[in-house]
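S.K.: how would this look folded up:
(chains A, B and C, ligands or ions: 3)
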Amino acid sequence: MPLYILQRLGMMLLTLWAIVTLTFFLMHAVPGGPFVSERMLAPEIEAALNAKYGLDQPIWVQYLSYLRGIVTLDLGPSFKYPGVSINTMIADGLPVTLRTGLLAVIAVVALGVPLGIVAALNRNRWPDTTVMLIATIGVAIPSYVIATVTLYIFALRLGWVPTFGLDDWRGYILPVFALSGFWISFVARLTRSSLLETFEQDYMTTARAKGLRPGQVLFKHGLRNSLIPVITILGPVVANLITGSFVIEQIFALPGIGRQFVLSITNRDYTAIMGITIFYAAALMVMILIVDLLYAVLDPRIKLTEASA
Amino acid sequence: MTEPILSVRDLKTSFFTQRGEVQAVRGVSFDVYPGEILGIVGESGSGKSITCMSILRLLKPAGRIKSGSAIFDGQDLMTLSEADLSDVRGNRIGMIFQDPMTSLNPTLSVGEQVIETILRHRKATRAEARARAVELFELVRIPSAAERLKSYPHEFSGGMRQRVMIAIALACDPKLLIADEPTTALDVTIQRQILGLLRDLQQRLGMAVILITHDLGVIAEVTDRIVVMYGGLVMETGPVRDLFATPKHPYTRGLLASVPDLRDDTHRRLTPIPGSPPDMAHPPSGCPFTPRCPHAMRICATDLPPIFGIGQGARCWLHHPEAPPSLLPSREKVPEGRMRGPSP
Amino acid sequence: MSDIAPEMWDKLSPSDSAAVTSAPSLTYWQDARRRLFANKPAVVSIIFIVLLILAAIFGPLFSPFTYADQNLRLANIPPAFETYSVADGQGGTTRFFLNASNFNLYEVDAEGHVLGLLRGERKDMLKKSQAFIFGDTTITLDYSKLPARLLAEDGATISPSGWSWNRTYIFGTDQLGRDVLVRQLYGARISLTVAFVATLVNFFIGIFYGGIAGYIGGKTDAVMMRVVEIIATIPLTLYVVLLMVVFDSGLYSIIIAIGSVFWVDMARIVRGQILSLKSQDYVAAARTMGAGTGRILTRHLLPNSIGPIIVTLTMLIPSAIFIESFMSFIGLGVTPPLASWGTLTSDAVETMRAYPHQLFFPAAAISLTMFAFNFLGDGLRDALDPRFRR
Ligand SMILES: Nc1ncnc2c1ncn2[C@@H]1O[C@H](COP(=O)(O)OP(=O)(O)OP(=O)(O)O)[C@@H](O)[C@H]1O
Ligand code: SF4
Ligand SMILES: [Mg+2]
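M.R.: Ligands and ions are numbered 1, 2, ... in the order given. Predicted coordinates:
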């Protein structure tokens, strides 16, 4: 078990390193980017960047300085706003992003899994067909379309919810819905297909042949096994919901990290783009790690196979 | 004569698939008597497993039992409520499946899988159920039984898993054990061990066993009576000695023909008879064996023969009293009287 | 007892007995096609996709407008309107409609063709009104209170005399007076081009990478799959964003960005297929018969993995369409005046309050397209992939 954790941790660090490196060299290639010395910049920013990364130094020195910054959890100064650090930008946006993200995660688990179960249990009957139709719609419609269309209908037309801001609890409804719509559908479909696959397994027949009651068969033998794939994707889902919300935050004008990201893209705040990308990636990695560990707890087969590998 | 413990009559089971109705079992009848081992043989796809699954109504959603009865201990399992039937499953009838690698739940410890069966059917505390589980593991000869309860299926070999399955099936002292090819997925030495174990347990516990197998050696060795299935139908049935000595059905003969000496106790598989089994989505109206039968007559292609004979019965027109005796195959030296059976 | 005719006991000839067995058997592809065509949503999707492709290719040829033609005087015209008729007292009538959001009157003909902007008198800024003179008749547009009204000389409110579809701009015009329909069609062109090209690029990279890893196996495979594992955990949308920032927006950049990033699934599938097929007998047989590596790959392995590959490809197309429109939506996709469904949506968001129809068309277009590809993908998967056969 500890070996397994170490392995996962190592893999995560390796991936993060790959991401940082890739990001750094991509940004280095941007004409007029942060690591080029000929450009027009506010002198304070120029000085801050220079102090941080030594822009007259060779590229690998800059790279090492950047890596050192990452290791010490310092994402450096903004490329556009004098005196603002990327760390502050992220810290400012984090509460809003976390709050909407967590609500969306709750929505995904609380709606997606039960819907999938209902569909699987009623296979090919109307509850199944209905859930699957809605889920297919939910998977297909892009989140920004859901966001804009619901914004128009429920906020502008009907006035049920505010058009922007989070002063009122109702302000969360649309962003959370737009954010989680895809994943609710995705999880419902996955739960359903995973359950149906589990129902086909021989051990389910064994469970019935033992005379277990339907509830025991479904919950103890069926659900436990079918939820394993669902839990596996929950890591990326959580990370996506907490980080991948940039359009949604943009559309609903929520002051989160995502909006900051889009803003940085629009005004080419390269160091902010870098920093937020790396932050997102790190958040994703950590979530995946957590889920992997959870997975190992749930599935007894993992310990042996991985540790012996 | 003693009453049968299980009496299956005219069982018909179909699967409703995209290809249409697949008639897996087309009217099967047989009896199982207390304390005996009944063997069911037949080619792959002949409906052996579906017959057994139908008896306990364990079919997948696509499968439906169309008609028939299965009287077990005076109760018709086909009309019992689902709740009452689940009191029978795992309790008075135990079941073992073909593939021990997939028939245990990978995410529960093997101990838990035995214990939950006991708790389901017996008034017992967890500790008592545990103690019983250890007892069962010892009975099926799993070494260091008490410790192994905590293991997960993937930590066991195939043979050990099948022992766990047997322990589960025996957990509540069943009167009938249905073993669907319990050794097919195992290698030869393990097969022998498991079979030996089964026969041993059967004699000690005095239960009846339905043993499905491909292995004629097994049949000859351990079963009392045989049911030969083909195309979802019983083709021949009778005491194992009679059937081996004087097979009445051309299909049974085909099965036996390939085996040089039955007393030789090396294991033999059924050697395939040329041709392929009928498509159960479009079953023939006549005898399903017609295309492959060396003795096929015109009537065989159009009319399904009934079972001729009592005791040892064969579903074959050759045994119709009006059938010209000249058609009877003479390859085997079969005494005339035994072959015909009493005239209806 | 003797209801059996004596000749029934005759021996059956071999040909007769052969006839008893004959049952129709379908090949894999026939079977797959039959199952696909039995799947109604998939069939509807195929039809939709074909029509969409045809419309995207040929549609713009039939339009008098191009995606860049602006006519600011005819901006924000809706696809349907309520028309008013005013008699000028000299035997003529003028038909027009009121754009309640920008307080303009547009003259239309009886069929619904838009003829032009009507010129009124000077606007009265204090009273928020404007007079329009039609021969002897004067009517007043009063926008002091919303919604704006048209008043006759006696002060009574004039009500519309009917309504009509917009025959000139079937989907209306956008805020720069460009034809929405033709921009939609160009949007379809862009979205589909990006999707197909990027998918194709992914397809080749994936096949190549996965094929090599699976075929060589061993250490090479282990290392290559570690790399895939790393790439798979990187949030790819972010990387497309980064690449777009580096490359600068534009059609080619987005194709390269999407094309270079989403091949991981394909590589995994191909590798998995090849590993499982490699262990099968006929490959070994081909090898013993002296077939070379390339031949085995193209003649034996790939044709057998084609089912799952097609399914993965079909699923990749909507992802590519989505990413492209998403990038365009946040301003990293194609550059104006080129239109993609993403830019059309984001433009429409700005004018959503006043002209919701501008949002409706791109939102509907991308949603329907995404449905179609999703349903088709599901259908293909059910039809082609034996593991999903139920
Ligand atoms: N889920 C199913 N859907 C459709 N047809 C099925 C299904 N399960 C079984 N069948 C059909 O029922 C018939 C009998 O199957 P069964 O499993 O009883 O054969 P068997 O005699 O046990 O063979 P084997 O020796 O291979 O276990 C087969 O022809 C098979 O095609
Ligand atoms: S009924 Fe006819 S075809 Fe069938 S086994 Fe007997 S002889 Fe052969
Ligand atoms: Mg079977």
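
S.K.: The residue in the stretch 1-150 of chain A positioned nearest to chain C: how many residues sit nearby?
M.R.: Of all residues in the stretch 1-150 of chain A, the one sitting closest to chain C is residue A:140 (3.9 Å; C-beta to the nearest C-beta). No exception for glycine: its C-beta is placed from N, CA and C like everyone else's. Close neighbours of residue A:140, defined as other C-beta atoms under 10 Å in any protein chain shown, add up to 22.

S.K.: And the one 4 residues further on, by the same measure?
M.R.: Number of residues near residue A:144 (other C-beta under 10 Å) recorded here: 25.

S.K.: Just list the residues touching it, thanks.
M.R.: When the contact criterion is C-beta atoms under 8 Å, 6 or more residues apart in numbering or on different chains, the partners of residue A:144 are A:178, A:247-248, A:251, C:325-326, C:329, C:342, C:345-346.

S.K.: Export the residues you listed as TSV, with columns for distance to ligand 2 and secondary structure.
M.R.: Written out in TSV, the entries for the contacts of residue A:144 read as follows (distance: C-beta to the nearest ligand atom, whole Å; DSSP: H, G, I helix; E, B strand; the rest coil):
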residue	distance to ligand 2	secondary structure
A:178	68	helix
A:247	71	helix
A:248	71	helix
A:251	74	helix
C:325	66	helix
C:326	67	helix
C:329	71	helix
C:342	69	helix
C:345	70	helix
C:346	75	helix
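
S.K.: Could I get these in CSV, plus columns for pLDDT?
M.R.: As requested, those are arranged in CSV below (pLDDT from 0 to 100):
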residue, pLDDT
A:178, 88
A:247, 82
A:248, 85
A:251, 84
C:325, 84
C:326, 83
C:329, 84
C:342, 84
C:345, 84
C:346, 83
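
S.K.: wait, isn't residue A:154 in contact with residue A:161?
M.R.: Yes: the pair residue A:154 and residue A:161 qualifies as a contact (C-beta atoms under 8 Å) at a distance of 5.4 Å.

S.K.: Okay, and the residue of the stretch 51-200 of chain C found nearest ligand 1 sits in which element?
M.R.: The stretch 51-200 of chain C approaches ligand 1 most closely through residue C:199 (35.6 Å), counting by C-beta to the nearest ligand atom. Using DSSP states H and E, the element containing residue C:199 is helix C:180-216.

S.K.: Give me the packing partners of that helix, helices and strands only.
M.R.: Helix C:180-216 sits against helix C:40-58, helix C:218-233, helix C:251-259, helix C:264-278, helix C:302-329, helix C:341-350, helix C:356-384, with contacts defined as 3 or more C-beta pairs under 8 Å, 6 or more residues apart in numbering or on different chains; DSSP states H and E.

S.K.: so which of those comes closest to residue C:139?
M.R.: If you check each of the helices and strands packed on helix C:180-216 against residue C:139 by C-beta to C-beta, helix C:356-384 wins as the nearest, at 26.2 Å.

S.K.: could you check whether the closest one is close to chain A?
M.R.: Yes: for helix C:356-384 and chain A, the contact criterion (C-beta under 8 Å from any C-beta of the partner chain) is met by C:356, C:359, C:363, C:366-367, C:370-371, C:373-375, C:378.

S.K.: and that helix, what's its mean pLDDT?
M.R.: Here helix C:356-384 scores 85 as its mean pLDDT.

S.K.: Let's verify residue B:38: helix, strand, or coil?
M.R.: Each residue gets one of three states, and residue B:38 gets strand by DSSP: H, G, I helix; E, B strand; the rest coil.

S.K.: now it: how far from residue B:99?
M.R.: In this structure, residue B:38 lies at 22 Å from residue B:99, with C-beta to C-beta, to the nearest Å as the measure.

S.K.: Between these two, which has more neighbouring residues?
M.R.: Neighbour tally, residue B:38 and residue B:99, criterion other C-beta under 10 Å: the higher count belongs to residue B:38, 24 against 18.

S.K.: Could you double-check that the more buried one sits in contact with residue B:228?
M.R.: No: under the contact definition of C-beta under 8 Å, residue B:38 does not touch residue B:228, with a separation of 11.7 Å.

S.K.: out of the contacts of residue A:144, which one sits closest to ligand 1?
M.R.: Here the nearest of these to ligand 1, counting by C-beta to the nearest ligand atom, is residue A:178; it sits at 41.7 Å.

S.K.: tally of neighbours for that closest one?
M.R.: By the criterion of other C-beta under 10 Å, residue A:178 has 27 neighbours.
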